[in-house]
Every structure is written in structure tokens, then in C-alpha cells.
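Trainee: heads up, no residue letters with this:
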DNA sequence: TGTACTGTAATAATTAAAATTACAGATGAA
DNA sequence: TTCATCTGTAATTTTAATTATTACAGTACA
């Protein structure tokens, strides 16, 4: 279980709602209800993809790196992606078994196909779309 | 990280390759390289969905519950599914924040959409298709 | 020069996943 | 009938991943 995607979308939604303010990691963490260090870590990652800008020092904080209309949820997916959507087994199949010998390659190919499917789906939704669903 | 789907597909692939034999949990566990109890547990789950038949007692073991052409990978996905593909955060967003108050509902709806997308993709692939990729 | 931030490393606590142990019940064979 | 071999399942331990916490250097502003 891993909530990176949800955390990232939560952060980006907050920023999209207050585009003219610098939000602090403490404020963001208070809305998500997690530790501020995790917020800063996740933002440090999203920043690499240009999705967030930051300003250090007193009165520093975070803003979106792009307008919400230009951020696709597929960008977020790619940025936070560590594990394939179908999960990942950590076993090492038996190389002396004809099935065990080949299955990793076939399972990986399947996982890749599924990931492309997800990506294509998320590629149709912008942060603005998502954020616009809030009352 | 959770490898249930991969384990399930591995089990089913083995059974599809030897449709006339009863395979034991020990044999299956040896191919996957995990503990036999986990194999029996996963099979106990797949059995509920009719995907596997079992026979107890000496010389007992497992066979497919349906021909491999009739088993869809979406059946497997549904059978093993516990967590949404986008992951699941365990935080409880702040209900005093306008975003925190509503975000779970919107994230859940998104996760559902993505799960449908995956399901539809896996709905196009049979166990026979998958198993047929092995040399 | 003090205050309020970010950035990041290191460590601890918590939780989830997987492995193991144990044993009851079923079935077939000697 | 009784032994051996298998499934079914509960309970527990071990391992690994996630999240939280602590700590502090660096930046920017007043």
C-alpha cells in the first residue's frame, strides 16, 4: 500500500485552489494530515518534473509550476510511479521449471501494457478538471 | 507491494500447462519459489471464483476449474483485487479544510475509473492467450 | 540578526506482506 | 485398519516497506 499518487494530487489540488498564494509545507500537511517532511519530500519529487515551484526562506512556500489546465494526471502518475499497477511479487521463480523460467518476462510485459492503459486514461484528465469537481 | 496477481497468474499458468494432472501445492510453490501455505491460501481464494478445482487427500491436488480459453485475466484481477491500482493513502484528510473535506470522494471516484479501465483491458486476454506465449 | 521558511539526511515507529509452524480432516493404498 | 500424503486453515514469527519524527544546514526577508 502506497499513497504517493493521492498525496501528490492532494498537494496539487491545494495549490490549484490558491494560485496566488505561497503555501507552506505545514499548511499543506495540515490539510492532508500527514507529516510536513513527507510533503516536502513529495514536492521535491514533483518539482523535478516542473509541476511545482518553490521559494525558500521566510515567507517561502509552494506554487504550481504550470497552470492547472496544463497539468495532466498522467504527468503526476509518471512522476510518482514506482511500482506497476498490478503489484509486484518479490519471489524469484524457479529457473529449472519451464514456466518459472519464462514467467517474469511475460508478467512484466503484461504489467507494461496495463500501465500504458492507465497512462492513456489519466492523459485525458487535467488537474483543472479534477480540481473543478470541488464545490 | 503485493504480488497476489502475479502469484495467481503463475498458479493458473502451471495448471493450464498440465491440464490432465493434479498439481500439489508443494510442486506449485517450488515453481513460484514461495511458501506452499501461501499457494494454498491463494488457491482457496481462486476456488471461490470457480477458477480452480481441488481434490483433498492422498494424491490430491489442483486443476483448472474452467478451460483456459474461458478464463479471462479480468476474472483473476477481480478475484485477487484488494487495493485500487493507484494505491491507497491511509491518511485522514482534514475535514476543516475545504479541499481535505471532499478530496477522498473525488480520489475514490478517480480510482474507480482507473480500475474499470484496467478491467476492460484484462477482459480482452484469456489465460490461454497468456499461457500460449510460453515456448 | 532573528524569524520563518525549505531541503534533506538519519533514525525510529508502525504497518503490511510473506514465511513458518502446527495440526485437523480427507483420501487412497498397503 | 492404519499409514502416508495431501488439502485447509489458524496462529505466530519474520521481514520489508511505509510513514513519522528528529535534527539541522541553508535561504530570504524584515
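Mentor: Sure thing, it's come through. Only a predicted model underlies this, so the values are computations on that prediction, with no experimental measurement involved.

Trainee: and the lengthiest helix in chain A, does that touch DNA strand C?
Mentor: Ranked by residue count under DSSP state H, the longest helix found in chain A is helix A:98-122. No. Counting by CB under 7 Å from any atom of the strand, DNA strand C has no neighbours in helix A:98-122; the shortest distance is 13.3 Å. Yep, even glycine has a C-beta here, placed from its N, CA and C like the rest.

Trainee: repeat for stretch A:29-41
Mentor: Yes. On the criterion CB under 7 Å from any atom of the strand, stretch A:29-41 is in touch with DNA strand C at A:36-37, A:40-41.

Trainee: what's in contact with the longest helix of chain A?
Mentor: For helix A:98-122, contacts defined as CB atoms under 8 Å, 6 or more residues apart in numbering or on different chains pick out A:72-74, A:76-78, A:81, A:84-86, A:88, A:93-95, B:6, B:9-10, B:13-14, B:17, B:31-33, B:73, B:85, B:113-114, B:117-118, B:121-122, B:125, B:130, B:133-135.

Trainee: please check these and keep the buried ones.
Mentor: A:72-74, A:76-77, A:84-86, A:88, A:93-94, B:6, B:9-10, B:13-14, B:31-32, B:73, B:85, B:114, B:117-118, B:121-122, B:125, B:130 (16 or more other CB atoms under 10 Å in any protein chain shown).

Trainee: coming back round to it: closest one of the residues of stretch A:29-41 next to DNA strand C to chain B?
Mentor: Comparing those against chain B with CB to the nearest CB places residue A:36 closest, at 12.7 Å.

Trainee: got the phi/psi numbers for the closest one?
Mentor: phi -60, psi -30 (degrees, to the nearest 10).

Trainee: quick check: it touching residue A:42?
Mentor: No. Residue A:36 is not in contact with residue A:42 according to CB atoms under 8 Å; the separation is 10.8 Å.

Trainee: who has more neighbours, the two?
Mentor: residue A:42 (23 against 15; other CB atoms under 10 Å in any protein chain shown).

Trainee: quickly note the distance from that one to residue B:22.
Mentor: Distance, residue A:42 to residue B:22, using CB to CB, to the nearest Å: 50 Å.

Trainee: check residue A:70 too.
Mentor: Taking CB to CB, one finds residue A:70 at 58 Å from residue B:22.

Trainee: if we can go back for a sec, most neighbours out of the residues of stretch A:29-41 next to DNA strand C, which is it?
Mentor: Ranking the residues of stretch A:29-41 next to DNA strand C using other CB under 10 Å puts residue A:40 first, with 17 neighbours.

Trainee: is any part of the strand or helix carrying it close to DNA strand D?
Mentor: Per DSSP states H and E, residue A:40 falls inside helix A:36-48. Yes. Contact of helix A:36-48 with DNA strand D (CB under 7 Å from any atom of the strand) involves A:37-38.

Trainee: contacts for that helix?
Mentor: A:4, A:7-8, A:11-12, A:25-26, A:28-29, A:32, A:52-54, A:62, A:65, A:76, A:79-80.

Trainee: thanks a lot, see you next time.
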